[in-house]
Structures are given as C-alpha cells and as structure tokens.
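I need the structure of the sequence given here:
(one chain, ligands or ions: 1)
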Amino acid sequence: MALLKASSFPGLSLPAENRLMCKRSLEFSLCRSFKASSESAPVDPGVQVSLKRAVAKKVVELIKPGMIVGLGTGSTASLAIEEMGKLIQKGKLKDVVGVGVSYQSRVLARQFGVKTADLNDVNTIDLAFDGADEVDSSMNLIKGGGAAHTMAKVVDTMAKQCVVIVDQSKIVSELGLTFPVPVEVLPQAISAVLRKLVALGGVPEIRSALRKDGPVITDLGNMVVDVRFSEAIKDPSALEKEINMIPGVVENGLFIGVANSVLVATQDGDDIQVVELAEFVSSLKSAKEV
Ligand SMILES: O=C[C@H](O)[C@H](O)[C@H](O)COP(=O)(O)O
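Numbers count the residues shown, from 1 in each chain. Predicted structure coming up:
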C-alpha cells in the first residue's frame, strides 16, 4: 500500500533538521504493536492481553450504580466495556449509562448490554475510563492511536474522574520518543496545516487507512496527521496549545492534566498486578538503582 506523503503537498519541503527524522517517520507503521517500546521491560504480546484484561477488570470496580460513565476506545478500553457489561448482566451494576467516545465504543457497549447516551444528552460524566499510547510520570498522555482523541478529550475532560488504564509498555520518561502526536485536521485545510506543523519542527505524516486506499477518516469526518519531533517533547503543555492554535486543526492527542489517575498493569514473573502510576514509577526507579 502506498503511503500518503506529506511532501506531495505544495510548498512542503522539509528543512534539513526535520528531514533527519524522515526515515524514522516513514518507517512508522500504523500497526498498533508499534507502541511496544517503553521505559520498562518489553511485554510479550500474549502477556499484554492478560495485562489489559487485568487493568480493565480493576477499573470497572470504580463504577457505582447510577453513574454516567465515559467509555474510552482502543483495545484496553474495549475490554473494560466488556467487563462492565458482565457486571450489568450479573445484576451487580444497575442504572449505569455509558457515553462512548467513538463509534467503536458505542457499538461495543450495545454488544455487551451497556445502555448508551449521546454526549449532548448528559450534563455530566461521573467517571471516564480510557486507554493511552504513552504516559509520562506526571500523568500526561499521548492518545489518538485509534484516531478518536478529539471526542476522548471532550469526554475525559468533562468527567469528574478520568482514569487511564494501560499496561506497563505505555509508560515513558518523556513523551514523543516512541509515539508521534496525532493531530485531527479538517480535510480542506490539510495542506496549510502540514506546512505549519513542519514550521513547528515536526515531521508530519498523513495516516493511511488499512484495507482502504487513502487516508484514515475519523468518526468526525476529518483526517489524522501523525507528527514526529526530533527529540522528546520538553514542554507538552505548550506544544498542545501551539498545535491547537493552527487554523484547521481540530484537536491533538496531547492530554495534559486530563487524567486524575493512571492504573498500570504490570508483570512480575507469572504474577500480574495493577498498581497506581506513582507506585509503578517508584518501583522502576528502585529497580534501576539495584
Ligand atoms: O484513539 C485511541 C485512544 O487514544 C486509545 O485509547 C489508545 O490508542 C490506546 O489504545 P490501546 O488500548 O489499544 O493500546
């Protein structure tokens, strides 16, 4: 499948410093297993599913009867929707309503027997759970691997409590080294936005669809540009704002100060545990000191 090259747009030649990054960028495949590298030990793909299931089971324990729940998207959040459905079916969780951040999460909710509401029909979200592509030790995130970060940001920031659920492969010391920043862009403005992203020092790549020629089109009808930077993101909060200031950008995948807590599923030998991010980070530090 031919990749959509940002450089085929008018006036978009990458400066030398950005160009250094091109090779890495073109090598970036949209395969979700790309996210494997992290600060902690690599996770075997078979074990990773068990870790995701463990953290999914843990987060649904926080849901109380009568809550309006933001349903995140991606493989980890999907498992949590499934676990939530199981509790509802068993009669252990009554009168909960889910607000999906994506088409996928809404469909899964219906499939697993979770009642859903439109975001515009609720005035609050009691608790939102969601996955992430990268998490730093300050609970800042990169999201958007599933191209749903715009609605995720609306729902997650609206929630009284936003709980991020990840396996240990997602924890990084600095954002942006392993995962690019996804940016949702109005198709009519794609060329102008690409030039601005290059001016910010990025190497943008339009996300290509799988099993369909052409770009990924989001649930909201827009395109997604994955932007790599030559170094780790030193000031994620400033970059989040700078990208969103570009006319034509709908939203970017930097989630700064959105998460209230992060649950991390970890593996220690045959043992799987779910811990808070702070505990996980301190155990990593101790392990490095040994
Ligand atoms: O847009 C997608 C979301 O940000 C996902 O939560 C993120 O990509 C993590 O997905 P997964 O749990 O499949 O790794």
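
Quick one: residues contacting Leu51.
43, 167-168, 265-267, 272 (C-beta atoms under 8 Å, 6 or more residues apart in numbering). Every C-beta, even on glycine, is put in place using the N, C-alpha and C of the backbone.

Please apply the same query to Ala278.
Ser137.

Phi and psi next, for it.
phi -60, psi -40 (degrees, to the nearest 10).

mind checking how far it is from Asp271?
Using C-beta to C-beta, to the nearest Å, we find Ala278 at a distance of 20 Å from Asp271.

again, but for Val59
Distance from Val59 to Asp271, by C-beta to C-beta: 19 Å.

Of the contacts of Leu51, which is the nearest to the ligand?
Asp167 (8.0 Å; C-beta to the nearest ligand atom).

Count the residues that sit near the closest one.
Close neighbours of Asp167, defined as other C-beta atoms under 10 Å, add up to 29.

you'd agree it is up against Thr76?
Yes - counting by C-beta atoms under 8 Å, Asp167 touches Thr76, with 7.3 Å between them.

Mutual contacts of the two, please.
52, 55.

picking up where we left off before, Val59 and Asp271: who's more crowded?
Between Val59 and Asp271, counting by other C-beta under 10 Å, Val59 is the more crowded of the two (25 against 7).

Tell me the predicted confidence for that one.
Predicted confidence (pLDDT) for Val59: 98.

Just give me how far the host helix or strand of it sits from the chain centre.
Element membership for Val59, per DSSP states H and E: helix 45-60. With C-alpha atoms, centre = their mean, to the nearest Å as the basis, helix 45-60 stands 16 Å off its chain's centre.

before we move on, what about stretch 158-165?
Distance, stretch centre to chain centre, for stretch 158-165: 13 Å (C-alpha atoms, centre = their mean).

Would you mind listing the buried residues in the helix holding Val59?
47-48, 51-60 (16 or more other C-beta atoms under 10 Å).

Quick one: neighbours of Lys64, just the number.
Counted by other C-beta under 10 Å, the residues lying close to Lys64 total 13.

What is the nearest of the buried residues of helix 45-60 to the ligand?
Closest to the ligand, out of all of the buried residues of helix 45-60 and judged by C-beta to the nearest ligand atom, is Lys52, at 6.6 Å.

Give me the nearest residue to that closest one, chain neighbours excluded.
Thr76 (4.5 Å; C-beta to C-beta, 6 or more residues apart in numbering).

Relative to the ligand, how far out is the one you found?
3 Å (C-beta to the nearest ligand atom, to the nearest Å).

can you give me the angle the helix or strand hosting that residue makes with helix 45-60?
Thr76 is part of helix 75-89, with elements assigned from DSSP H and E. Counting by axes from the mean of the first three to the mean of the last three C-alpha atoms, to 10 degrees, helix 75-89 lies at 50 degrees to helix 45-60.
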